[in-house]
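Novice: any chance you can model this:
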Amino acid sequence: MKLLVTGGAGFIGSAVVRQAIADGHEVVNLDALTYAANLPNVESVADSPAYRFEKADIRDRAALDRIFAAHQPDAVMHLAAESHVDRSIDGPAEFIDTNIVGTYTLLEAARAYWGGTRDFRFHHISTDEVFGTLGETGLFTEETPYAPNSPYSASKASSDHLVRAWGETYGLPVVLSNCSNNYGPFHFPEKLIPVVILNALAGKPIPVYGQGENVRDWLFVEDHATALLKVAQEGRLGESYNIGGNAEARNIDIVRKICALMDELDPVGAPHDRLITFVTDRPGHDFRYAIDASKIRAELGWQPSVTLDEGLRKTVAWYLENRAWWQAIQARGHKLERLGLKAG
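Specialist: Next up is the predicted model:
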């Protein structure tokens, strides 16, 4: 297939690009190169004859029309989004503009390109955060009602609804997926796991919201990329698929596991768990997310291959071995600072 991947220089998008090229697909990487995008993420495939890059914004209809006409993709895999909850609390407008207006613009460009006759698919990639929060028990299924609690998750829920509506109203061949928390190599250093690794390495306090009791299902990003390519090619049109790692853990347990790995792999400054610092909780912090991924397993034969302990070890080792990657991001002025404090 020839895939148009939006947000292909981001964390999950670049994993999709790398895996798609490895699988023999052609890829057009469309990315606006905002703060969290990083072309070194796809450096390993940049010289492939099957890879093309287009710098463009999904809100720019003229650019989208040109790219569709020039490249004639068989499918869109739509990952471009603002995705950091704390940033959405401080500045929701950008999330509304990119995640909702941008998705609408992309849908309209895709619909014009498809024209009702072309063999084509539009795969929209979303998050389990659209479902809200769980208590001590239960799992999110594809039928769980939407109940987003942050500006970020509300904007993603809105984009999900737009994609479904374009499928129902206009017949656009759409398929959707909602994933749990991703982690792994090339993760932009503002999310929990890279922040813990880099703060531990620097001997700085490791901030943990509340008492770290919030629970997430963790999905290794390369497993997710494999699942997404399955959904894009084989998923039933009009359906959604939940993608999870079968790896629930409290945030505090994730932090302690990383500290133990740092003690082993980079023991300078050990024990690293002495750096754990409990800070004021995030406003509207969802207590627990957990995915029921039985549908994608039954229909498409996918299940995660990397356990949480294996994935964390791979991730910590990658950050230790690829210091130039994250040091370049820090050199651009990105600081490991607390965001999401403007709700009060």
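Novice: so what pLDDT did H334 get?
Specialist: You'll see H334 listed with a pLDDT of 69.
Novice: can you start the count at 35 instead of 1 from here on
Specialist: All right, first residue 35 from here; so that's H368.
Novice: least trustworthy helix or strand in the chain by mean pLDDT?
Specialist: helix 119-124 (a mean of 88; mean pLDDT, DSSP states H and E).
Novice: can you give me the offset of it from its chain's centre?
Specialist: Remark: helix 119-124 is offset 16 Å from the chain centroid, using Cα atoms, centre = their mean, to the nearest Å.
Novice: show me the strands in this protein, by range?
Specialist: 36-40, 60-65, 85-89, 109-112, 155-161, 208-213, 215-217, 240-243, 249-254, 274-277, 282-284, 310-313 (DSSP state E).
Novice: which strands and helices sit next to the third one?
Specialist: Using 3 or more Cβ pairs under 8 Å, 6 or more residues apart in numbering; DSSP states H and E as the contact criterion, the elements in contact with strand 85-89 are strand 60-65, helix 95-105. Backbone N, C-alpha and C define where each C-beta goes, glycine included.
Novice: neighbouring strands - and their directions - for that strand?
Specialist: According to DSSP bridges, strand 85-89 forms sheet pairs with strand 60-65 (parallel).
Novice: and the strand it pairs with, what's buried?
Specialist: Residues of strand 60-65 classed as buried: 60-65 (neighbour count, 16 or more other Cβ atoms under 10 Å).
Novice: how about stretch 189-206?
Specialist: 189-194, 196-197, 200-201, 206.
Novice: please apply the same query to stretch 100-110.
Specialist: 101-102, 105, 107-110.
Novice: then stretch 253-263?
Specialist: Buried, per 16+ other Cβ under 10 Å, within stretch 253-263: 253-263.
Novice: low-confidence regions, this protein specifically.
Specialist: 368-378 (pLDDT under 70).
Novice: the helices in it, which residues?
Specialist: 45-56, 95-105, 119-124, 126-129, 137-148, 185-204, 226-236, 255-268, 285-299, 328-334, 342-355, 357-365 (DSSP state H).
Novice: and the residue nearest to V209 when sequence neighbours are not counted, how far from D343?
Specialist: Setting aside the residues directly before and after it, V209 is nearest to G269 in space (Cβ to Cβ, 6 or more residues apart in numbering), at 4.1 Å. Distance, G269 to D343, using Cβ to Cβ, to the nearest Å: 30 Å.
Novice: again with A66
Specialist: Distance of A66 to D343, given as Cβ to Cβ: 36 Å.
Novice: more neighbours: which of those two?
Specialist: With neighbours defined as other Cβ atoms under 10 Å, A66 and D343 compare such that A66 has more, 19 against 11.
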